[in-house]
Every structure is written in structure tokens, then in C-alpha cells.
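quick one, what's the 3D model for this:
(one chain, ligands or ions: 1)
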Amino acid sequence: MMLLLIRPLTSALLAAGVLLAGVAAARTQAPAPYRVVATDATRTLPIARLSGSTDMVALDVLVQFFGLTMREDARTGGVVVSVQSQRVVLTAGQATVASGRRLMSLSAPVVKEGTTWLVPIDFLRVLDPLLGRRSEIRRASRLIVLGDATVPRLTLRVERTAAGGRLIVGVEPETATRVTRAGNQVTIRFQATALDVESLAEAPTDLLTAVRADGPTLLVDLGPTVSNVRQDDPRNESRVTLDLIGEPNATSIRRPPDFGASLPAPDLSNTVRTVVLDPGHGGSDVGRRSQDGLEEKSITLAVAQRLKAVLESRLGVRVLLTRDTDVEVAIDRRAALANNNKADVFISLHANGSPSQSLRGWQVQSLDPADYGGAPNPGSTPETASLSVPVVAGGTRLITAVPWHLAQIPHTRQSATLAQVMATHLSEAGLPSQPTPVVQAPLRVLVGANMPAVLIELGLLSNAQDAALLGDAQFQDTLAEILAAVIADARSDLFGRNR
Ligand SMILES: [Zn+2]
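Got it, this is the predicted structure:
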């Protein structure tokens, strides 16, 4: 299981994903970072720790983030932050700072820990007049809105109706929208920079399977029973109301595929040299479990081992597994193994479950860059020069100046291509897919991978048919054949061969 929905979860994952050298924070305990939205970019600002209930930021991180300068003042023992000719003086232990001639108070005292200065997040307000713009801090949403960026707050509610259901999206402040539908997905595009989405507690999965924010767009994946969608009162800018009209018996499932069909032998030329396969879960982390007690961790391992054998014998590709026994492997070590071995492709294997037992099928996922600071900005320098990635032997190692939590960003396009190639092969083999076969999502396991990377949910263990297939050795072989063909085929798409 690796299905992720909207913001609070995203923040929690980001919190775990941020690994910044030089920030005096216990990485496991660091609070969730803030998403900083400006009209030109969305970036991630890590929080070092809490002081009471106040989020504390490392001053050097903040200074780099906003392109300021800082220097310690040996005479006073304070630190001076400069914006061009304007100066702000901070003193350790004091909640009052001097900005020019003005004294401004902060919600918590400035702290000096070793060589690191920490300031409360509302220090941003002190910087606002100096930087000539406004900042709005939304603590609960882990969001900072800068300047002219607009980030409406959305609240989601689902109601049952006689015809099926209704999704009501409250919008504050009022914002114009455009609603479109393609297949099982409804897209609500807001005239805004980004969205601040409150989590949807319990959505009936027959009506909705996922709701995700992607920049200024809300993506709504419809459940299997919804046949029609109608927007009620489209001119209302404070509320988007979608009637989800059901088809009473719309649980038809595609015919199970014919697994006897043999697949074409993959091309043997070789540009992908190393593939890292990541069997999800392991050890005490069993993952999803079917009604019959079949565990996700054993399926992912079985498929990975079969795929490794096919790739090695048929394609001559070097294949490494993040685990080849039933052991627990920390999530960062999985991508770290791939980075360490300069893998060309990283594939994480999972199976999922759904509250709706009729729902079945595979789904291919790649990282959604929007949740990790947006697309790479060619002119920009990384937030910190001295960044390290965890390595397999333990400890960390400096790679290029790519922050760990951004390692996947330059590869997201190739990863999305790989996901498409995989989806095409799975469809052509006749395997049923989930309503949305290919998605981009905030995926913790992929974020540190410095190469094209995808995650495949092989099926839904909550569905009896899927569970029976996934536990079947012959079907596992079929999956291995299909995925090996994906690697053979993806080479040209990913690395420009035959194009
Ligand atoms: Zn999983």
C-alpha cells in the first residue's frame, strides 16, 4: 500500500523526507516543513524544531531561501541579517528584534545552538517590509503564501443522495473555476497559484477513490459506481458542487485476462545496465493483507525475484534488490541503494487494498514534482550546497549538490514516461487496471531516487480475484515477463534510442 491523498499526509511525508545537512534537527523529530507558494515557484522550507508550539527555522536556511545575507556581530554577540542596505539585528534569547529603527516582537525568542541560529517562523513578518512584499503563514496547513500568490482554502464534503452522491468543495476566498472530466477523472481548475486542501476524512470509495491537489488543480478520481457527473450552479465561486450520479449495478469487472498468451521476446541490446527492484515492506512491516492472510511483503518479494531472474538471463541487465529476504528495510535505504549503485532505473513493487472489495487492478505511480517544490528551475541553485544522501553502509555521503528530497525532481518526466510504458504493457497484456491506471503522487520511497523511478501497485489485495492471482506463482511469472518487457521497451523512450 502506498496510496496517498492530499495535503496533511503530504506534509507528513515531506517531513520525513527532508534531510538537510547543517540543520540542527533530529531528522526523525523535525516538524513538517512548510510549502512556500509564490507566483513563480513553490518551494519547501524545512523546520528545524518546535519551541513550545512555535515552528523554528534555521536562520542560515532562511537566509539562503530568500537570498539574504547574515553575519555574526562579535562585538554584541548578535547576528545581523541584511537585505541590501537594510539591517535586522537579532540577539540570542530575545524575542524582540531591531529592524532599522523599529523594534518588532516575535512569538518566541531567537535561539543560538552551537553555530546554528534558530528563529520563529513569524520572523518572516519582520522581513516583509524589507523585501517589499507580504507573507501569510498558515500554520495548520504548513503553508506560506508570498506576495501576489493566491491559495484558496478548500474544504471537501461528500454526501449521499438518492441519485448517488454529491461532492461539495467549499472555496475561501471565492475563486473562479473550470470543471472538466476525462474518463474516471474530474479536474477542477482554480484561478489560483496553488491550493490549500483540507483532508477528506472518510470518502465512500464507491463514489470517490482519490482526491489530490496538483498545483491550482484538484483531481477527483471517481469511484466505480459513478457514471455521470453534473456540476450544480457553476457560477458559484464560493462552492463547487458536483452531483455524482450512480449506476445501480455498475460493478462490472473486466473479464480476467488470458495468461497463457506468450509475450514477444524483448530486444537484447542494452543501454539500461543496472536496475534496482524494491520489494515493498518486509519483516514486521507486512504491508497489506488479503482476507486469506496473503501478505503484500511476500508477493512483492516473489515478483521481484522472478523479475530479477528474467532481466538477468534475458536482457543481461544487472539487477539488485533492496531486500532479498523477509527483512525490514528503512525507506531511505531503498533509494540509497539505487543511488549508490548508479542504477539506471528504480522500480518499487507494492500491492494495495481498498475499502471497496469490488475494486481491483494495477496502478503505476510516479512522483508528483508539485509536492516537492515544483519543477526544477534551471537557473536556481539548490537550497544548501553541502547536502548528503544516506548510503547503504550507514551514515551519509555527499553526492552532487542535490538535496535528498529533490533528487527525483530532475527525473520526473522520464519517470512519468516509464510509468506510461509500463501501463501500456500491462493493458496490452489484458490485466485490469484501477480506475486511474497512471497517477503522479507524493511518494516517499521515490523522492530520493536519482534516476527514473516508478512504483507499481500490482493489484488490490482487498479484492478476492486480485488476491488469488497475486498469490499464484504462474501469475507472478507473467508479471515478471511483462515488467521485463517494459524495461526492454523503456530503454528507447528513456534514453533516446530508436527515436
Ligand atoms: Zn505497499
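
CA atoms for contacts and neighbours, from now on please.
Noted.

for the protein, which helix is longest?
Using DSSP state H to define each element, the chain has its longest helix at helix 473-495.

packing partners of that one?
helix 296-310, helix 412-428, helix 464-470 (3 or more CA pairs under 8 Å, 6 or more residues apart in numbering; DSSP states H and E).

grab the nearest non-local neighbour of residue 273.
Closest residue in space to residue 273, ignoring its immediate chain neighbours: residue 317 at 5.2 Å, by CA to CA, 6 or more residues apart in numbering.

pull the contacting residues for that neighbour.
By CA atoms under 8 Å, 6 or more residues apart in numbering, the contact list for residue 317 reads 270, 272-275, 311.

quick one: the longest helix of the chain to helix 296-310, angle?
Put simply, helix 473-495 runs at 60 degrees to helix 296-310, going by axes from the mean of the first three to the mean of the last three CA atoms, to 10 degrees.

now helix 473-495, how far from the centre of its chain.
Distance of helix 473-495 from its chain centroid, counting by CA atoms, centre = their mean, to the nearest Å, is 24 Å.

how about stretch 287-307?
23 Å.

residue 363: what secondary structure?
What DSSP: H, G, I helix; E, B strand; the rest coil gives for residue 363 is strand.

wait, it sits on residue 438?
Yes: if you go by CA atoms under 8 Å, residue 363 and residue 438 touch, sitting 5.8 Å apart.

so for those two, which residues contact both of them?
residue 423.

which one's more surrounded, these two?
residue 363 (27 against 20; other CA atoms under 10 Å).

ok, the closest residue to the more buried one other than its chain neighbours - how many residues close by?
Distances taken as CA to CA, 6+ apart put residue 437 closest to residue 363, at 4.7 Å, once the chain neighbours are dropped. Residue 437 sits with 19 neighbouring residues when counted by other CA under 10 Å.

residue 285 too?
Quick note: residue 285 (other CA under 10 Å) scores 15 neighbours.

so it versus the ion, what's the distance?
Applying CA to the ion, to the nearest Å, the value for residue 285 to the ion is 9 Å.

and the pLDDT for that residue?
pLDDT for residue 285: 92.

residue 46 contacts residue 33, doesn't it?
Yes: Residue 46 is within contact range of residue 33, at 4.3 Å (criterion: CA under 8 Å).

nearest to the ion, out of the helices and strands packed on helix 473-495?
With respect to the ion, and counting by CA to the ion, the nearest of the helices and strands packed on helix 473-495 is helix 296-310 at 6.7 Å.

for that closest one, packing partners?
strand 274-279, strand 318-321, strand 345-352, helix 473-495.

want to try CSV for these, with mean pLDDT, mean neighbour count and distance to residue 459 as columns?
CSV is the format used below for the helices and strands packed on helix 296-310 (pLDDT from 0 to 100; neighbours: other CA atoms under 10 Å; distance: least, CA to CA, whole Å):
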stretch, mean pLDDT, mean neighbour count, distance to residue 459
strand 274-279, 96, 26, 14
strand 318-321, 96, 19, 20
strand 345-352, 96, 26, 5
helix 473-495, 85, 20, 11
